Structures are given as structure tokens and as C-alpha cells.
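**Student:** Any chance you could fold what I've pasted below:
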Amino acid sequence: MYNERRQDRRLDIRLPLEFYAMGAEGEDVLRTVTKDISTSGVYFELPLFKGVTAPKLNSLMNVELTVPPGDGYFPYVGRVTSVAEVIRCDPLPVSDGMHSEVPQRVGIGARFQQPLKLAFE
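**Tutor:** Residues are numbered from 1 along each chain as shown. Predicted coordinates:
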């Protein structure tokens, strides 16, 4: 039987995610979408297009999530930022074996290293 080690409830939600390694900025920003998120961490998949490499285990990265506005909870776009440590980096199967242009993908799990900061536009 699998023993769940997570302390916080995960939300299966797709949010735009930008991240870059600590100490790097500008053109080193990578963009993807979350698979799930909690108050303690985030999981996302990253396609490894030409020139894109997966972050290294235990490396730190700056992350920024975009939270869209929604009826009933907030009328403005929000941005959530934090620093996260890469704790998982797993190769994922190629989704379409018929096309050689389909990039390899990795699943990345990262633990937030500081409280999440929320700002609204």
C-alpha cells in the first residue's frame, strides 16, 4: 500500500507557470502549466524542446503562477511567487510515438522554500 507523505491537500488545477533558476533571469525563463499545486509545493510537466534542459535535483528556482480572475472569488488577475526546490525530476513517456517531433518530457515536483506571495493586477 502506498503511504502518502504530503502534508497539504493537492489541488488538481492548471495554472500558467513561469520559472527560472536562482541567479538567472531574462531569456532563461521557462513557461508551462501546473498539473497540481498545494500550499507546500507544485508539480508540472516540462517538454524538453531543443535547448531546454530539466532543472537539477535540489536546485532552487524562482516560480511565478498566474491565477485568473473568477466569478465568486476575485475579479482581478493574481500572481503567486515563491522560491522552490526541485525534489523530483522524472522522465515521462512520449505521448505520441507516431511523430518524431514530439519532445521528451519530464515531470517536476518542487517544494516551496518560503511562504507564497500573492499580488493582484
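**Student:** By mean pLDDT, which helix or strand of the chain comes out lowest?
**Tutor:** strand 117-120 (a mean of 90; mean pLDDT, DSSP states H and E).
**Student:** any residues touching it, and which ones?
**Tutor:** Residues outside strand 117-120 that contact it (Cβ atoms under 8 Å, 6 or more residues apart in numbering) are 67, 74, 76, 77, 78, 79, 80, 81, 82. Every residue, glycine included, has its C-beta placed from N, CA and C.
**Student:** Who does that strand pair with, and is each partner parallel or antiparallel?
**Tutor:** Strand pairing for strand 117-120, determined by DSSP bridges: strand 78-92 (antiparallel).
**Student:** And the strands in this protein, which stretches?
**Tutor:** For the chain, the strands defined by DSSP state E cover 16-21, 30-37, 41-47, 60-67, 78-92, 105-112, 117-120.
**Student:** mean pLDDT lowest for which of the ones you listed?
**Tutor:** Note on these: strand 117-120 shows the lowest mean pLDDT, a mean of 90.
**Student:** related to what we said a few turns ago, mean neighbour count and distance to residue 8 for the strands of the chain - can I get that in JSON lines?
**Tutor:** Formatted as JSON lines, the strands of the chain follow (neighbours: other Cβ atoms under 10 Å; distance: least, Cβ to Cβ, whole Å):
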{"stretch": "strand 16-21", "mean neighbour count": "18", "distance to residue 8": "18"}
{"stretch": "strand 30-37", "mean neighbour count": "16", "distance to residue 8": "10"}
{"stretch": "strand 41-47", "mean neighbour count": "19", "distance to residue 8": "8"}
{"stretch": "strand 60-67", "mean neighbour count": "18", "distance to residue 8": "15"}
{"stretch": "strand 78-92", "mean neighbour count": "16", "distance to residue 8": "14"}
{"stretch": "strand 105-112", "mean neighbour count": "19", "distance to residue 8": "10"}
{"stretch": "strand 117-120", "mean neighbour count": "11", "distance to residue 8": "16"}
